[in-house]
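>>> A predicted structure for the sequence below; I have some questions about it.
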Amino acid sequence: MTHFARIAGTVTYTPGDGVPMEIPQGRVEVDLAPDSATLSWEAEKGIVGSAAIPRTSYEEYVRSGKIVPESEVDK
């Protein structure tokens, strides 16, 4: 299921075995799968950023208010 959300705090992902990288604050597209969430954003003008994180991490970011689903932004 795809929806939009806002990154409102520090949200990180780890590419491969690399160093954790921060997803910039702002609007992201979220594609949820049973075991993961893929977040996509415009990193720079015309350049798309994308990261997959475990679904459990995504849900924890939502619970802590670091990711705010768009349906909850106006609440």
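That came through fine. Numbering: from 1, shown residues only.

>>> How many neighbouring residues does the nearest residue to residue 34 once chain neighbours are set aside have?
Excluding the flanking residues, the one nearest residue 34 by C-beta to C-beta, 6 or more residues apart in numbering is residue 55, at 6.9 Å. Every C-beta, even on glycine, is put in place using the N, C-alpha and C of the backbone. Neighbourhood size, residue 55 [other C-beta atoms under 10 Å]: 14.

>>> ok, what's across the strand from the most centrally placed residue in the chain?
Nearest to the geometric centre of the chain sits residue 39, at 4.3 Å (C-alpha atoms, centre = their mean). On the basis of DSSP bridges, residue 39 is bridged to residue 30, residue 51.

>>> Surely it and residue 50 touch.
Yes: judged on C-beta atoms under 8 Å, residue 39 makes contact with residue 50 at a distance of 7.0 Å.

>>> Strands of this structure, start to end?
2-7, 11-13, 21-23, 26-32, 36-44, 47-54, 67-69 (DSSP state E).

>>> Present those as CSV; the columns should include distance to residue 61 and mean pLDDT.
Listed next are the strands of the chain as CSV, based on distance: least, C-beta to C-beta, whole Å; pLDDT from 0 to 100:
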stretch, distance to residue 61, mean pLDDT
strand 2-7, 8, 95
strand 11-13, 5, 95
strand 21-23, 10, 94
strand 26-32, 10, 96
strand 36-44, 9, 93
strand 47-54, 8, 94
strand 67-69, 4, 97
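
>>> need the ones you listed in JSON lines with distance to residue 60, can you?
Converted to JSON lines, those look like this (distance: least, C-beta to C-beta, whole Å):
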{"stretch": "strand 2-7", "distance to residue 60": "14"}
{"stretch": "strand 11-13", "distance to residue 60": "10"}
{"stretch": "strand 21-23", "distance to residue 60": "14"}
{"stretch": "strand 26-32", "distance to residue 60": "14"}
{"stretch": "strand 36-44", "distance to residue 60": "11"}
{"stretch": "strand 47-54", "distance to residue 60": "9"}
{"stretch": "strand 67-69", "distance to residue 60": "9"}
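
>>> Thank you, goodbye.
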